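> Generate a structure from the sequence data that follows.
(one chain, ligands or ions: 1)
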Amino acid sequence: MLGNNQILPQQITDGKSLWVQEIFPTIQGEGPFAGHPAVFIRLAGCNLRCFWCDTDFESSQWQPSLDEIDEVVSQLLSQIKTNLIVLTGGEPLRQNIVPLLKHLITLRNLHVQIETAGTLWLPELGDLCRSHRSALSIICSPKTGKINPQLAPFITAWKYIIRHGETDPNDGLPVMSTQSSGTPLQLARPSPSDAPIYVQPLDEQGNENHNSKHMQAAAKIAMQFGYKLSVQIHKIARLP
Ligand code: SF4
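Modelled structure (predicted):
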């Protein structure tokens, strides 16, 4: 997309069908479940526009019902051995994913990980987080200066994209806007701060010189501040 996506508002429907970009099996390459086989459900659309984002999340016309999603997920789970479902995007909390979460967690007994930028909230998500805490992980990768205060208490891990030369010497975390290139902005800091923090080098496709600097910066920051280095295993394995 590289900053060309539409900025779409949150759309809370009954959640019985969702706008989905794609559903695919892979290895979770990032964060606390790195290395685990997983079925990814990529929800379409995003409420942000990061200028370096290279993910295609809005070219699909697919609006499957929950039954249709379940059928695809079941088929993929018969091909790979895992109980991990990753809801990613775009921004998965832009749509009402609560009925899908309930279905996957309570009916199918699966573990769901949500990957979010942390700006949005869904009214029924709190109850589900409280009642199924061990079956639901929320990984927040802040792209703005503030995290939604209702979401914050349920965040289980933080992930920051590290660009060489654009981090705060006091905590190693980003100090530049993701929405406007070259604009200073302190991205939201971990709160609660007891959840693990992952630092992941920015991947500038085709620019190995820059990528090497981002990797060195992320590794150094991880060692200096006690964060965990996340290295996108799926890309090394040439998986989607
Ligand atoms: S929040 Fe994520 S999906 Fe949305 S534009 Fe930024 S990097 Fe891309």
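> in the protein, which spans are strands?
Secondary structure of the chain by DSSP state E: the strands cover 20-27, 37-43, 84-88, 111-116, 136-140, 157-162, 197-201, 228-229.
> Stretch 205-225 and the ligand, are they touching?
No: with C-beta under 6 Å from any ligand atom as the criterion, the ligand is not reached by stretch 205-225; the gap is at least 13.8 Å. Placement of C-beta: from N, CA and C, glycine included.
> Any idea how far that stretch is from the middle of the chain?
Put simply, stretch 205-225 sits 20 Å off its chain's centre (C-alpha atoms, centre = their mean, to the nearest Å).
> For the longest helix seen in the chain, the averaged confidence score.
In the chain, with assignment by DSSP state H, the single longest helix is helix 208-225. For helix 208-225, mean pLDDT is 97.
> cool, stretch 102-113 as well?
For stretch 102-113, the mean per-residue pLDDT is 97.
> gap between that stretch and the chain center?
For stretch 102-113, the distance to the chain centre is 18 Å (C-alpha atoms, centre = their mean).
> can you check stretch 80-98 too?
That offset, for stretch 80-98, works out to 9 Å (C-alpha atoms, centre = their mean).
> so what's the residue of the chain most remote from its centre up against?
Largest separation from the mean C-alpha position in the chain: residue 209, at 25.8 Å (C-alpha atoms, centre = their mean). By C-beta atoms under 8 Å, 6 or more residues apart in numbering, residue 209 lies in contact with nothing.
> ok, residue 54 touching residue 202?
No: assessed by C-beta atoms under 8 Å, residue 54 is found out of contact with residue 202, at 10.2 Å.
> Give me the buried stretch members for stretch 114-127, please.
Judged by neighbour count (16 or more other C-beta atoms under 10 Å), stretch 114-127 contains these buried residues: 114-122, 125.
> Ok, stretch 228-237 next?
Residues 229-231, 233-234 are the ones in stretch 228-237 that count as buried (16+ other C-beta under 10 Å).
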